[in-house]
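Peer 1: Pasting the sequence and the predicted model now:
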Amino acid sequence: NGNELGNTEATFPLTSFIGFSEDGMTAFAMGTGTNPTELHLFSIDLKTMAIRKVTKTAGVHYVTMNESGEYFIDRYSSLTVAGRTEIIDNTGKILARIHQSKNPLSERKAGTVELMELTSNDGIKLHARMIKPSDFDPTKRYPVLVYVYNGPHVQLVNNRWNGGAPLWMNSLAEDGFIVWSLDGRGSDNRGKDFEQAIHRQLSVFEMKDQLTGVKWLQEQKYVNAEKMAIHGWSYGGFMTTSLMLKSPKTFKVGVAGGPVIDWSYYEAMYTERYMDQPSQNPEGYANANLKNHVKNLKGDLLMIHGTADDIVVMQHNMTFLQTCVDEGVQVDFFAYPGHPHNVRGKDRVHLMTKVIEYIKAHL
């Protein structure tokens, strides 16, 4: 709690501690402020506990403080600022601009990025990012790729350069797609209540919030609701598979990378934090166990896994595939030999080519 600008009370997450002033009476910390898609520097008067925003320019800021707490190097970007580095004092006054990045896409056609806010049926504010083709025509109907994570410790949608999106999304938009992401309950930088809504029931509120975004998309005249795809990795792979199986008529095609299939196979520290032990929460584990929902699959689903994955072990995908075989359900599968939880290096080009080509072919 505190006074963000000297006249407005606000409650928001402080994400990291930066340091103290030389006299020890002021603390400095990073936090979202009232806009959870941004990150700012705040000063905290330790006598009055008044909180003031130091960085004034909209965007996502990262700072380095000098020993006395008088000056900061401030590096930030936003949808309109490709990258900027300035020296500021502890009131936010700009003393010098060190560097201004050029727009790296200025000579290329790259989809336009928009940030927006939706409201769920139960009144929760949700932040989303949409990338449209640079030659977007509102009279046309575009296929959609939903890229999802929606798990703890990750926030996809930011007011930073390109909205926080990797450039393959802009490339796909240029191929005639709408590319969409939404941070639902469980994701980062929205405070404890927003994250812990998912406790003991992973995928329940996350699915509700993702489907709030889908419903909004389907209401737009320029969206082809019959050609919607979903893709995600890790927790996003869990959410991709969950949505393909539990909302089987929503997406025509899905690609799930490194997905958690059965939370009883995942590392105990993380799982028990959000699900408690299986003996304490059998209903939650059963509902989140995607092998229990295989028969619902209607669309085309590609499962991907690194053979050396030590985080979401291959057992997740192997037992899922065995269940598909046992129940006569057809799915596709591809393995990346020797890769751990993420496919990196030059092989990532192969991965993203496979993901995009599979989606295009099956839409």
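Peer 2: That came in fine, so what should we check first?
Peer 1: now the helices: where do they sit in the protein?
Peer 2: Along the chain, the stretches classed as helices by DSSP state H are 167-174, 192-196, 204-218, 235-246, 268-275, 282-288, 315-326, 347-362.
Peer 1: what's the closest of those to residue 71?
Peer 2: The closest approach between residue 71 and any of the helices of the chain, judged by C-beta to C-beta, belongs to helix 192-196 at 32.9 Å. (Each C-beta comes from the backbone N, C-alpha and C, glycine too.)
Peer 1: So what touches the closest one?
Peer 2: Applying C-beta atoms under 8 Å, 6 or more residues apart in numbering, the external contacts of helix 192-196 come out as 124, 152, 185, 186, 187, 188.
Peer 1: So for stretch 201-220, what gets flagged as buried?
Peer 2: In terms of neighbour count (16 or more other C-beta atoms under 10 Å), stretch 201-220 has its buried residues at 201-214, 216-217.
Peer 1: next one: stretch 154-173
Peer 2: 155-165, 168-173.
Peer 1: Kindly report the same for stretch 102-110.
Peer 2: When burial is assessed from 16+ other C-beta under 10 Å, stretch 102-110 yields the following buried residues: residue 110.
Peer 1: So what's the gap between that stretch and the chain middle?
Peer 2: Put simply, stretch 102-110 sits 24 Å off its chain's centre (C-alpha atoms, centre = their mean, to the nearest Å).
Peer 1: I'd like the average pLDDT over it.
Peer 2: Over the span of stretch 102-110, the pLDDT mean works out to 90.
Peer 1: Quick one: end-to-end distance for that stretch.
Peer 2: Taking C-alpha to C-alpha, to the nearest Å as the measure, stretch 102-110 stretches 15 Å from start to finish.
Peer 1: For it, give me every contacting residue.
Peer 2: Applying C-beta under 8 Å, 6+ apart, the contact partners of stretch 102-110 are 82, 134, 135, 167, 170, 171, 173, 174.
Peer 1: which of the residues you listed lies closest to residue 98?
Peer 2: Nearest to residue 98 among the contacts of stretch 102-110, with distances taken as C-beta to C-beta, is residue 82, at 14.6 Å.
Peer 1: Roughly how far does that closest one sit from residue 279?
Peer 2: For residue 82, the distance to residue 279 under the criterion C-beta to C-beta, to the nearest Å works out to 52 Å.
Peer 1: Show me which of those two is the more surrounded one.
Peer 2: Shown here are residue 82 and residue 279; by other C-beta atoms under 10 Å, residue 82 has more neighbours (17 against 7).
Peer 1: measure residue 361 to residue 300 for me?
Peer 2: Applying C-beta to C-beta, one obtains 9 Å for the distance of residue 361 from residue 300.
Peer 1: that older thread, from the contacts of helix 192-196, which two are the most distant?
Peer 2: Greatest spatial distance among these (C-beta to C-beta): 124 and 152, at 16.4 Å.
Peer 1: Buried ones from the contacts of helix 192-196, can you make that a ChimeraX selection?
Peer 2: Buried members of those, defined by 16+ other C-beta under 10 Å, are picked up in ChimeraX with:
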select :124,152,185,186,187,188
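Peer 1: for the contacts of helix 192-196, which one is nearest residue 312?
Peer 2: Closest approach to residue 312 among the contacts of helix 192-196 (C-beta to C-beta): residue 152, at 14.6 Å.
Peer 1: Any regions of the chain where pLDDT drops low?
Peer 2: Of all residues in the chain, those with pLDDT under 70 make up the ranges 1-10.
Peer 1: Please repeat the previous calculation with a cut-off of 90.
Peer 2: Applying pLDDT under 90 to the chain picks out residues 1-11, 106, 109-111, 121-122.
Peer 1: Mind listing the residues bridging to residue 28?
Peer 2: residue 19, residue 43 (DSSP bridges).
Peer 1: What about the nearest residue to residue 284 once chain neighbours are set aside, how many residues nearby?
Peer 2: The shortest distance from residue 284 to any non-neighbouring residue, by C-beta to C-beta, 6 or more residues apart in numbering, is to residue 200 (4.6 Å). Using other C-beta under 10 Å, residue 200 has 16 neighbouring residues.
Peer 1: Test my guess that residue 200 contacts residue 285.
Peer 2: No. Under the criterion of C-beta atoms under 8 Å, residue 200 makes no contact with residue 285, lying 9.2 Å away.
Peer 1: picking up where we left off before, which of the helices of the chain sits closest to residue 26?
Peer 2: Closest to residue 26 of those, according to C-beta to C-beta: helix 192-196, at 25.5 Å.
Peer 1: Name the residues of the closest one that come out as buried.
Peer 2: Residues of helix 192-196 classed as buried under the neighbour-count rule (16+ other C-beta under 10 Å) are 194, 195.
Peer 1: list the contacts for the residue sitting nearest the centre point of the chain?
Peer 2: Note on the chain: the residue nearest the mean C-alpha position is residue 156, at 2.7 Å, using C-alpha atoms, centre = their mean. For residue 156, the set of contacting residues under the criterion of C-beta under 8 Å, 6+ apart consists of 129, 147, 149, 164, 165, 181, 182, 183, 187.
Peer 1: For burial, what's the neighbour tally of the residue nearest to residue 292 when sequence neighbours are not counted?
Peer 2: Residue nearest to residue 292 in three dimensions, not counting chain neighbours: residue 286, with 6.1 Å by C-beta to C-beta, 6+ apart. Other residues near residue 286 come to 12 when the count uses other C-beta under 10 Å.
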